[in-house]
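1. Provided below for reference: sequence and predicted model.
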Amino acid sequence: MAVKYRVLTEAERLIHNDLSATASFFQRRVKEQGDKGEMGGIYQNMMASLVFCAFSIEAKVNFVGWSVLNDSWDERAKLKEKIKRLDKALELGFSWGNEPLQTIKKLKDLRDVLAHGKPEHEYDETILENEPQIFDALKSQWEETVNPVFVAQCADAENMLWKRMLEKADIPEKKTLTSAAQSLSEVVVDQG
């Protein structure tokens, strides 16, 4: 007789938790840096915060869509279509012209610019009375969006959408957490 081991594992890995925690980490770091006047690396922390916030929002929308609409949920659909489907199913009551969707759209647009990055070329010639700040011309189209105020707005928009989706879908917050269970038992195998 030989002894072998039976391992039973059941896990539900929910990526939105990791993405949201990462976005929150960078959001806190941006606030701390701003409060202390530490500007070294703040731009990179804001970029990281915004990108992870965009990922987190989409993952949370997918989680609720998967929970509510099961097999008919299309996680590859565009974010706007997903939110429209959830609004129809759950009566979320949000409008794209108002918060939080207005900020989420702006964040999604920024995410798309960053994800599909391409060079920009601009040519302009102007005669000015005073010496200009030449570095202003080096700013890209997305840099206006990357600022501490927008970082905070995105965090608020994510939280507002998340809370409403969970409330309307009647999903308790504890059901949104990654969970796992594992058991181990000996199995005696007759080798004869």
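-> Arrived safely.
2. residue 54 versus the closest residue to residue 172 other than its chain neighbours, what's the distance?
-> The shortest distance from residue 172 to any non-neighbouring residue, by Cβ to Cβ, 6 or more residues apart in numbering, is to residue 166 (7.8 Å). To be clear about C-beta, it is placed using only N, CA and C from the backbone, and glycine gets the same treatment. According to Cβ to Cβ, to the nearest Å, residue 166 stands 19 Å off from residue 54.
3. just to revisit the earlier point, any idea how far the residue nearest to residue 172 lies from residue 80?
-> Relative to residue 80, and taking Cβ to Cβ, residue 166 is found at 20 Å.
4. what about these two, which has more around it?
-> Taking other Cβ atoms under 10 Å, residue 166 and residue 80 do not tie; residue 166 has more neighbours (19 against 13).
5. does that one really touch residue 61, like I thought?
-> No. Counting by Cβ atoms under 8 Å, residue 166 sits too far from residue 61 to count as a contact (11.6 Å).
6. report the contact partners of residue 10.
-> 180, 181, 182 (Cβ atoms under 8 Å, 6 or more residues apart in numbering).
7. 7 Å - rerun?
-> 180, 181 (Cβ atoms under 7 Å, 6 or more residues apart in numbering).
8. quick one, phi/psi of it?
-> phi -130, psi 120 (degrees, to the nearest 10).
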